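> just a sequence and a predicted model for now, questions to come.
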Amino acid sequence: MPELPEVETVRRGLAPYIEGARIEAVTLNRPDLRFPFPEGFVAGLEGHTITHLGRRAKYLIATLSNGGAWLSHLGMTGAFLVADQLLEEASRLNPGDSSGKHVHVRVHLVHPARGRVTLSYSDPRRFGFMDLFAPGAANPFTDSLGPEPLGNDLSAPYLAERLRARKGPIKTALLDQRVIAGLGNIYVCEALHMSGIDPRRAGGTLDGGEIEKLVAAIRQVLTAAIAAGGSTLKDFARADGQPGYFQHSFAVYGHEGDPCPRPGCGGTIKRIVQAGRSTFFCPTCQR
């Protein structure tokens, strides 16, 4: 499933094409994705301008000229793609949808600088979803989320307080979206390795110095992943249809049985399962 770097990569790719553009028409090729489209979805989008495309955790949020918000989640195989001409799109769909038969939403826009733009959403497995919120309405998907990991609200003192009474594994705590928004399995494994922390340790046992290292590692890993365009393991594609490349920089994720890349370690990467997800780590240098 795309994590924060992948969603941020998509946001950056889409923004120049759709920010400032007026939504001329919306076509739904089916009544639902993971959930049904909300009542009035098409009418609530058509005629409005997208004033800003933002991201909260793993959600894309387009702010509309009437103050409403169009929320999208990519699920496992969802991909947004843009085309200045509709015929250019077929060769740039996500890897799981090369035929274009899984395009479920098309949004036709008029951009003040680019002219007519087509925004398409394809999703072979349909685990993604969309919603539309009226101006000022509560958003149940984002209102309870913790701070953004690259924002100023994430600090060592904040994380120390949230971990203080945690008896469960630090890996599980970091995946709790109420603690930090947007962290996923891949980048938590990488950040824990970079900071030398064993994913099996109880969150409440980390000292101040370890938490400082962990916060720094989270920022470093996510920043590097965004710079590389995210990670493509199977279906993820950027808005231009190209894959991400950070998977080539994984230190531990997917490297079970390989030597630990930390200089002088000499350990071997191990895989275990925590909360139903694979955890990759080095039992020699992560303590």
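Noted; the coordinates are in hand. Numbering: from 1, shown residues only.
> any stretches of the stretch 1-150 of the chain with poor pLDDT?
Applying pLDDT under 70 to the stretch 1-150 of the chain picks out residues 1, 84-99.
> strands of that one, residue ranges please.
Shown for the stretch 1-150 of the chain, the strands assigned by DSSP state E, counting those that start in this stretch span residues 22-28, 50-56, 59-64, 69-73, 79-83, 103-111, 115-122, 129-133.
> of all the ones you listed, which one comes closest to Gly196?
Across these, Gly196 has its closest neighbour in strand 50-56 (29.5 Å, Cβ to Cβ). (Glycine included, C-beta is placed from N, CA and C.)
> quick revisit: what's the most buried one of the strands of the stretch 1-150 of the chain?
When you average the neighbours per residue for each of the strands of the stretch 1-150 of the chain (mean count of other Cβ atoms under 10 Å), strand 79-83 leads with a mean of 24.
> neighbouring strands - and their directions - for that strand?
Strand 79-83 pairs in its sheet with strand 115-122 (antiparallel), by DSSP bridges.
> just the CA trace of the partner strand, in PDB.
Output in PDB follows, covering the C-alpha atoms of strand 115-122 (Å, rounded to 0.1, in the frame of the first residue of the first chain):
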ATOM      1  CA  GLY A 115      -5.700  24.400 -21.100                       C
ATOM      2  CA  ARG A 116      -7.700  21.200 -21.000                       C
ATOM      3  CA  VAL A 117      -6.400  18.500 -18.600                       C
ATOM      4  CA  THR A 118      -7.700  15.000 -18.000                       C
ATOM      5  CA  LEU A 119      -7.300  13.500 -14.500                       C
ATOM      6  CA  SER A 120      -7.900   9.800 -14.400                       C
ATOM      7  CA  TYR A 121      -8.100   7.400 -11.400                       C
ATOM      8  CA  SER A 122      -7.300   3.700 -12.100                       C
END
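> that older thread, would you list the strands of the stretch 1-150 of the chain in JSON lines and tack on distance to Leu154?
Shown next, in JSON lines, are those (distance: least, Cβ to Cβ, whole Å):
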{"stretch": "strand 22-28", "distance to Leu154": "34"}
{"stretch": "strand 50-56", "distance to Leu154": "14"}
{"stretch": "strand 59-64", "distance to Leu154": "18"}
{"stretch": "strand 69-73", "distance to Leu154": "22"}
{"stretch": "strand 79-83", "distance to Leu154": "27"}
{"stretch": "strand 103-111", "distance to Leu154": "33"}
{"stretch": "strand 115-122", "distance to Leu154": "30"}
{"stretch": "strand 129-133", "distance to Leu154": "25"}
